[in-house]
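A.B. asks: No sequence on hand, only this structure:
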């Protein structure tokens, strides 16, 4: 079998590379007046307010190329930014993407990465409107800025929850963390015995939750359809417990969370038991779920009760009462932030 041809990025030059990577850009939004190709892009949101969020992803800190396919990485690097826009109750419309690349990457490798980028842009109807590429001495560096629009003053902050509000999450929790444990385990085995084939059978769900997360556009669309305005909201990137504490701190409130209300998928439970770890610990402290954590007025309960993608996990209290979880056995424990911290 002949080896795949390798094109050195240096053979194109920076502008040639940008032209190559953006030649298939599609425009999905009327708000994109001018996209890639000039010194700057031009956006007109026609009377809506603009929401902007930026994320930096570093090889060896946020992702490991030993088990992360480049196409998945391109997809995920878009999704994590769109998730921040949805967490503001806004609709993402444009992204810019900047890359730091070392010479170990070929043009074909970058094409694979951009396949994932464009797949995410197409799925979420978002326009890639610019960015930059530069040489990185060590590792792959990805910086994405996402831009979105929201009807005037319908954006939702972390600091506006009210006492008595319902505390809710979308989807299910903890699976991405367990997926990471499997991939790290298989990497260790491979490093020790390169001939051993990975054993990931039946773990499709948890590994998929890590390598190909989705942003919760459906939940924000549901809010619009049902005329629900959450009182506070954020996305779950660093783990449920630390995000709950953010909302409590920023809103100057306490909360009560019920362990038996935490949404966990059966596949995650089974996988967690293989590592002899508690699924509740994964749900509370595992990061990278990209679900939405939000508070609602109790008067909105009837609107959400039939949505199977939304779980009410507790309620907001006076700040003096602190933040606690009630276990299945009836015990009461303070919620501690054990989520992932990239600065440790």
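C.D. replies: That came in fine, so what should we check first? Remember, it's a predicted structure, so these values are computed and weren't measured experimentally.
A.B. asks: Quick one: the helices in this structure, in order.
C.D. replies: For the chain, applying DSSP state H gives helices covering 13-22, 70-86, 107-124, 175-192, 204-211, 217-226, 240-251, 266-274, 279-285, 301-304.
A.B. asks: Please identify the most buried of these.
C.D. replies: helix 70-86 (a mean of 24; mean count of other C-beta atoms under 10 Å). In this view, the C-beta of every residue, glycine as well, is placed from N, C-alpha and C.
A.B. asks: quick one, it and helix 217-226 angle?
C.D. replies: Per axes from the mean of the first three to the mean of the last three C-alpha atoms, to 10 degrees, the angle that helix 70-86 makes with helix 217-226 is 30 degrees.
A.B. asks: rewinding a little: any idea which of the helices of the chain gets closest to residue 161?
C.D. replies: helix 240-251 (3.9 Å; C-beta to C-beta).
A.B. asks: quick check: mean pLDDT across the closest one?
C.D. replies: Computed over helix 240-251, the mean pLDDT rounds to 96.
A.B. asks: Now for the nearest residue to residue 211 once chain neighbours are set aside: which residues touch it?
C.D. replies: Excluding the flanking residues, the one nearest residue 211 by C-beta to C-beta, 6 or more residues apart in numbering is residue 72, at 4.5 Å. Going by C-beta atoms under 8 Å, 6 or more residues apart in numbering, residue 72 touches 116, 211, 212.
A.B. asks: doesn't residue 76 make contact with the last one?
C.D. replies: Yes - with contacts counted by C-beta atoms under 8 Å, residue 212 reaches residue 76, the gap being 6.8 Å.
A.B. asks: what distance separates the helix or strand of the chain with the lowest mean pLDDT from the centre of its chain?
C.D. replies: Between all helices and strands in the chain, the lowest mean by mean pLDDT, DSSP states H and E belongs to helix 13-22, at a mean of 79. When distances are taken as C-alpha atoms, centre = their mean, to the nearest Å, helix 13-22 is centred 28 Å away from the chain's centroid.
A.B. asks: I'd like the numbering to begin with 58 instead of 1 from here.
C.D. replies: Right, with 58 as the first residue, what we last looked at is helix 70-79.
A.B. asks: can you list the helices of the chain in CSV and add distance to residue 388?
C.D. replies: Formatted as CSV, the helices of the chain follow (distance: least, C-beta to C-beta, whole Å):
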stretch, distance to residue 388
helix 70-79, 54
helix 127-143, 33
helix 164-181, 41
helix 232-249, 23
helix 261-268, 27
helix 274-283, 31
helix 297-308, 16
helix 323-331, 20
helix 336-342, 12
helix 358-361, 27
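A.B. asks: For the chain, give me the ranges with low pLDDT.
C.D. replies: Applying pLDDT under 70 to the chain flags the ranges 58-60, 254-258, 395-401.
A.B. asks: Quickly list the domain ranges of it.
C.D. replies: Domains of the chain are assigned by automatic domain parsing as 67-207, 223-232+267-391.
A.B. asks: and the end-to-end length of the last one?
C.D. replies: End-to-end distance of domain 223-232+267-391: 19 Å, with C-alpha to C-alpha, to the nearest Å as the criterion.
A.B. asks: and if you look at stretch 90-97?
C.D. replies: Start-to-end span of stretch 90-97 (C-alpha to C-alpha) is 11 Å.
A.B. asks: Any chance you could list what contacts that stretch?
C.D. replies: With C-beta under 8 Å, 6+ apart, stretch 90-97 has contacts from 75, 79, 82, 84, 98, 99, 100, 101, 184, 185, 186, 187.
A.B. asks: rewinding a little: so which of the helices of the chain gets nearest residue 226?
C.D. replies: Among those, helix 297-308 comes nearest to residue 226, with 7.0 Å by C-beta to C-beta.
A.B. asks: could you measure residue 164 against residue 61, distance?
C.D. replies: To residue 61, residue 164 is 11 Å away according to C-beta to C-beta, to the nearest Å.
A.B. asks: do residue 126 as well
C.D. replies: For residue 126, the distance to residue 61 (C-beta to C-beta) stands at 15 Å.
A.B. asks: one step back: generate TSV for the contacts of residue 129, with distance to residue 116 as supplementary columns.
C.D. replies: Listed next are the contacts of residue 129 as TSV, based on distance: C-beta to C-beta, whole Å:
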residue	distance to residue 116
173	15
268	15
269	18
